[in-house]
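**Student:** the following comprises the amino acid sequence and a computationally predicted model.
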Amino acid sequence: MDRKKVAHIITKLELGGAQQVAIHTAAHLSADRYESIFICGEGGILDEEIKKEKAVRSFFIRELDRSITPVRDAVALVKIWKILRKEKVDIVHTHSSKAGILGRWAAYFAGVACRIHTFHGFGFNDYQAGIVRNAFIWAERLTAPVTSMFVAVSHENMRKALGNGIGRKEKYAVIRAGVKIKDFSGLKIDIAKKKQELKIPAASPVIGMIACFKPQKAPLDFVIMAKEVARIFEDARFLLVGDGELRSNIEELRERLDLKDNLTLTGWRTDVPEIMQVIDIVVLTSLWEGLPCVFAQAMAASKPVVATDVDGAREVIEDGVNGFLLPPHRPKDMAERVVELVRDGERAKRMGRKGKEKLKSEFDIDTMVKDIEGLYENAEKR
């Protein structure tokens with residue numbers, strides 16, 4: 001049987017769930033059935049990661065970035081089209097909003113018969129100006145007819161897409177963004193040593209958030225929440241694991257709220273499974289999401305989650321059972337929930353165990369790859 005050539009296309013390889021899922025999928029498709037290439041913009045922290053994958057050939061396009069710039073976007077589209085034509089690609093699988101639009105149209109013009117897009121979230125959200133939001137929705141609507149299949153990481157995202165007139169229901173499949181469950185479940189490390197490395201006192205409760213510092217994740221809400229918790233538990237320590245455009249804003253607010261000794265910004269880290277073992281309560285303050293990988297990581301590590309009730313969150317976090325869900329931009333309410341769990345450590349541990357029990361195999365990254373391969377086969381038959 002001839003191998004099919006798959007091109008994965010994503011805007012930028014920052015250290016995020018969508019990017020890690022795309023790289024893992026490209027590198028772990030069945031070698032006897034698929035050959036992978038990878039197309040993305042330049043300057044992401046995971047650029048070197050994809051270059052190391054011996055089974056994947058990567059192509060970097062300077063003009064492919066998040067900003068809406070008609071001339072650069074047109075150049076990026078033409079460059080993607082040329083790569084797809086030259087490589088004689090059979091399947092195109094796009095993974096982010098900007099690359100999703102350009103990549104699917106480039107595939108259409110290049111004559112690629114199978115064009116798949118994964119919604120890890122949307123380019124549009126309720127916090128945008130109406131004209132901007134509508135422009136993104138119309139871009140997705142116009143691109144839907146040249147899309148063979150859509151993948152949503154949550155049922156809520158699928159409902160939102162259909163509610164906004166993007167494609168038809170029969171073109172959708174829900175496939176979770178998988179994580180390496182075994183890396184988080186049952187991992188044994190020297191907690192005291194790791195705390196020492198992170199400059200955290202051995203007895204301090206640790207509240208952590210793992211996210212890119214961008215407006216979607218609302219990291220300033222985490223800082224405000226931290227201040228409220230620290231008023232009650234002076235020894236509490238807070239970790240913000242990640243980096244991004246809002247770092248200076250976070251540092252300024254941390255200084256203003258006198259949290260320098262309590263709140264650590266770790267920067268991007270490759271030892272997230274180990275850091276997860278140190279965290280007692282996982283927090284996520286996002287304003288919108290698809291279904292964040294950090295939920296599955298926390299659940300695999302038996303950690304309770306305090307998060308915003310947005311998009312697919314309630315598909316895995318059951319309020320009061322394995323965590324708490326609250327409306328966005330309510331850091332003081334979030335702090336109250338965190339305080340409850342710090343006060344009652346046994347309850348926090350029970351909630352963490354419940355989360356691990358609730359975690360289904362569909363969130364395992366290898367299961368995800370098998371499901372995607374099945375999707376490719378079905379999409380090609382259409």
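**Tutor:** Everything's here; your move.
**Student:** backbone dihedrals for the nearest residue to residue 318 once chain neighbours are set aside, please?
**Tutor:** Leaving aside its sequence neighbours, residue 318 sits nearest to residue 358 (C-beta to C-beta, 6 or more residues apart in numbering; 7.1 Å). (Each C-beta comes from the backbone N, C-alpha and C, glycine too.) With angles defined as degrees, to the nearest 10, residue 358 sits at phi -80, psi -20.
**Student:** ditto for residue 166
**Tutor:** Residue torsions, per degrees, to the nearest 10, at residue 166 are phi -100, psi 100.
**Student:** do I have it right that it meets residue 144?
**Tutor:** Yes - taking C-beta atoms under 8 Å as the definition, residue 166 is a contact partner of residue 144 at 5.3 Å.
**Student:** how far away is residue 113 from residue 167?
**Tutor:** For residue 113, the distance to residue 167 (C-beta to C-beta, to the nearest Å) stands at 17 Å.
**Student:** same thing with residue 179?
**Tutor:** Distance, residue 179 to residue 167, by C-beta to C-beta: 27 Å.
**Student:** of those two, which one has the most company?
**Tutor:** Counted by other C-beta atoms under 10 Å, residue 179 and residue 167 do not tie: residue 179 has more neighbours, with 28 against 20.
**Student:** what residues are bridge-paired with the more buried one?
**Tutor:** Residues in a beta bridge with residue 179, per DSSP bridges, are residue 364.
**Student:** contacting residues for it?
**Tutor:** Applying C-beta atoms under 8 Å, 6 or more residues apart in numbering to residue 179 gives the contacts 17, 293, 296-297, 300, 363-365.
**Student:** out of the residues you listed, flag the one nearest to residue 220.
**Tutor:** residue 17 (21.1 Å; C-beta to C-beta).
**Student:** could you find the closest non-adjacent residue to the closest one?
**Tutor:** Spatially, and ignoring its direct neighbours in sequence, residue 17 is nearest to residue 293 (3.6 Å; C-beta to C-beta, 6+ apart).
**Student:** swap in residue 321?
**Tutor:** Spatial nearest neighbour of residue 321, excluding adjacent residues (C-beta to C-beta, 6+ apart): residue 354 at 5.4 Å.
**Student:** the helix or strand containing residue 35 pairs with which strands, and in what direction?
**Tutor:** Per DSSP states H and E, residue 35 falls inside strand 34-41. Strand 34-41 sits in its sheet next to strand 4-10 (parallel), strand 56-61 (parallel), going by DSSP bridges.
**Student:** mean confidence for the last one?
**Tutor:** Looking back up the chat, that one is strand 56-61. Across strand 56-61, the average pLDDT comes to 96.
**Student:** in the stretch 101-250 of the chain, which spans are strands?
**Tutor:** Counting by DSSP state E, counting those that start in this stretch, the stretch 101-250 of the chain has strands at residues 114-119, 149-152, 172-174, 206-210, 237-241.
**Student:** got TSV for the ones you listed, with distance to residue 267, mean pLDDT and mean neighbour count too?
**Tutor:** What follows is these, written out as TSV (distance: least, C-beta to C-beta, whole Å; pLDDT from 0 to 100; neighbours: other C-beta atoms under 10 Å):
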stretch	distance to residue 267	mean pLDDT	mean neighbour count
strand 114-119	28	96	25
strand 149-152	31	96	24
strand 172-174	33	96	18
strand 206-210	12	98	26
strand 237-241	8	98	24
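**Student:** ok, residues contacting the host helix or strand of residue 346?
**Tutor:** Of the helices and strands defined by DSSP H and E, residue 346 is found in helix 345-358. Helix 345-358 has contacts (C-beta under 8 Å, 6+ apart) with 185, 205, 280-281, 298-305, 316-318, 321-323, 340-342.
**Student:** now do the buried residues in it.
**Tutor:** Under the neighbour-count criterion of 16 or more other C-beta atoms under 10 Å, helix 345-358 has 348, 351-352, 354-356 buried.
**Student:** how much space separates residue 308 from residue 153?
**Tutor:** Remark: distance between residue 308 and residue 153 (C-beta to C-beta) = 17 Å.
**Student:** next, residue 335: phi, psi?
**Tutor:** phi -60, psi -40.
**Student:** pull the contacting residues for the closest residue to residue 251 other than its chain neighbours.
**Tutor:** Leaving aside its sequence neighbours, residue 251 sits nearest to residue 265 (C-beta to C-beta, 6+ apart; 7.1 Å). By C-beta under 8 Å, 6+ apart, residue 265 lies in contact with 240, 243, 247, 250-251, 254.
**Student:** can you report phi and psi for residue 265?
**Tutor:** Torsion angles, degrees, to the nearest 10, at residue 265: phi -100, psi 110.
**Student:** isn't residue 246 up against residue 219?
**Tutor:** Yes - using C-beta under 8 Å, residue 246 makes contact with residue 219 at a distance of 5.7 Å.
**Student:** now do the shared contacts for these two.
**Tutor:** residue 213.
**Student:** where does this structure have low pLDDT?
**Tutor:** 1, 381-382 (pLDDT under 70).
**Student:** outline the domain layout of it.
**Tutor:** 4-178+364-381, 181-360 (automatic domain parsing).
**Student:** for the residue lying closest to residue 136 once chain neighbours are set aside, give its distance to residue 164.
**Tutor:** Excluding its sequence neighbours, the residue lying closest to residue 136 (C-beta to C-beta, 6+ apart) is residue 124, at 3.8 Å. Here residue 124 is placed at a distance of 8 Å from residue 164 (C-beta to C-beta).
**Student:** okay, those two: which has more neighbours?
**Tutor:** residue 124 (21 against 17).
**Student:** show the contacting residues for that one.
**Tutor:** 132-134, 136-137, 140, 164.
**Student:** and if we set it to 6 Å?
**Tutor:** By C-beta atoms under 6 Å, 6 or more residues apart in numbering, the residues touching residue 124 are 133, 136-137.
**Student:** can you check residue 56 too?
**Tutor:** Taking C-beta under 6 Å, 6+ apart as the test, what residue 56 contacts is 26-27, 36, 38.
**Student:** restricted to buried residues, select those residues in ChimeraX.
**Tutor:** Filtering these down to the buried ones (16+ other C-beta under 10 Å) takes a single ChimeraX command:
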select :26,27,36,38
